[in-house]
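> Got a sequence here, can you build the structure:
(one chain, ligands or ions: 3)
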Amino acid sequence: MNKHDALSIVETHLTKPRFEHTVRVAETAVRLAQIYNVSSEKAELASIFHDYCKYRSLDEMKRIIQTTYLPKDLLLYHHELWHGPVASIMIEQEYGIKDDAIQSAVYCHTTGRANMSDLELIIFVADYIEPGRSFPGLDEVRDMATQDLVKAAWMVSRNTINYLTEKKNRIYPDTFHAYNDLTRLLNGGNKFE
Ligand code: DGI
Ligand code: FE
Ligand code: FE
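Ligands and ions are numbered 1, 2, ... in the order given. The predicted structure is shown next:
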């Protein structure tokens with residue numbers, strides 16, 4: 001699917017600010033893809049669809065989690081965590097986007113997970129640093145994103161966990177798995193061990 005068609009599809013499913021966020025994530029992800037030798041086409045398509053299901057009804061997302069191979073423990077955690085996994089399935093069902101690399105980047109864009117691919121890291125980081133966002137500590141992550149992708153993703157993961165614990169929110173296991181794995185890599189661990 002080309003960029004134009006993908007954008008037209010998601011635009012009808014998102015609010016204007018959310019669509020504009022999506023466009024900025026795509027621009028950011030393509031820039032990172034060029035730096036880290038990842039396919040820009042895949043980075044662009046994964047970004048365009050990453051929040052595709054953000055506004056699906058809770059009932060519909062719940063039904064998709066219950067009736068597909070998605071992990072049922074998602075239902076035990078905040079519904080904000082559902083839109084990525086649900087979108088990874090819906091883009092295949094509705095538009096035939098059957099590409100493991102793209103689907104898994106969409107899947108884990110909110111939480112991260114262990115053993116992330118470079119494309120997954122790029123979407124995870126781009127979603128966080130896109131120029132429309134502003135929160136404390138963001139400039140540090142923006143600078144790091146062009147220097148060291150793993151370190152930048154580690155900062156995103158750390159900041160997210162800090163933010164969630166401050167708010168006394170529960171944390172999905174993949175969020176911790178991402179942090180632990182990225183910490184292992186920062187300490188010299190091997191990417192594919
Ligand atoms: O969809 P976006 O707003 O662009 O961003 P997102 O998909 O990265 O994140 C949505 C929210 O999910 C964000 O406020 C942080 C939150 N989040 C990330 N990991 C967890 C989490 N919320 C809970 N409750 N638990 C998590 O593990
Ligand atoms: Fe999201
Ligand atoms: Fe997003």
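
> okay, CA-based contacts and neighbour counts for the rest of this
Fine.

> And the next helix or strand past the longest helix anywhere in the chain?
Identified as the longest helix of the chain according to DSSP state H is helix 16-35. Counting by DSSP states H and E, the element after helix 16-35 in chain order, helix or strand, is helix 40-49.

> and that following helix, what's its mean pLDDT?
The predicted model assigns helix 40-49 a mean pLDDT of 98.

> and it, what does it pack onto?
Of the remaining helices and strands, those touching helix 40-49 by 3 or more CA pairs under 8 Å, 6 or more residues apart in numbering; DSSP states H and E are helix 3-11, helix 16-35, helix 100-107, helix 118-129.

> Point out the residues in this structure that sit beside ligand 1.
51, 78, 80-81, 109-111, 127, 169-172, 175 (CA under 6 Å from any ligand atom).

> mind running it again at 5 Å?
The chain comes close to ligand 1 at residues 78, 110-111, 171-172, 175, as judged by CA under 5 Å from any ligand atom.

> From those residues, keep the buried residues only.
110-111, 171-172, 175 (16 or more other CA atoms under 10 Å).

> among those residues, which are in helices?
Thr175.

> which SS state does Thr165 fall under?
helix (DSSP: H, G, I helix; E, B strand; the rest coil).

> okay, it: pLDDT?
For Thr165, pLDDT reads 98.

> Same question for Glu193.
pLDDT, read off for Glu193, is 53.

> now Pro85: how far from His50?
To His50, Pro85 is 9 Å away according to CA to CA, to the nearest Å.

> Quick one: low-confidence residue ranges for this protein.
192-193 (pLDDT under 70).

> Name all residues that make contact with the residue nearest the centre of it.
Residue closest to the average C-alpha location in the chain (CA atoms, centre = their mean): His109, at 1.5 Å. By CA atoms under 8 Å, 6 or more residues apart in numbering, the contact list for His109 reads 50, 84, 120, 123-124, 127.

> can you give me phi and psi for it?
Main-chain dihedrals, His109, degrees, to the nearest 10: phi -70, psi -30.
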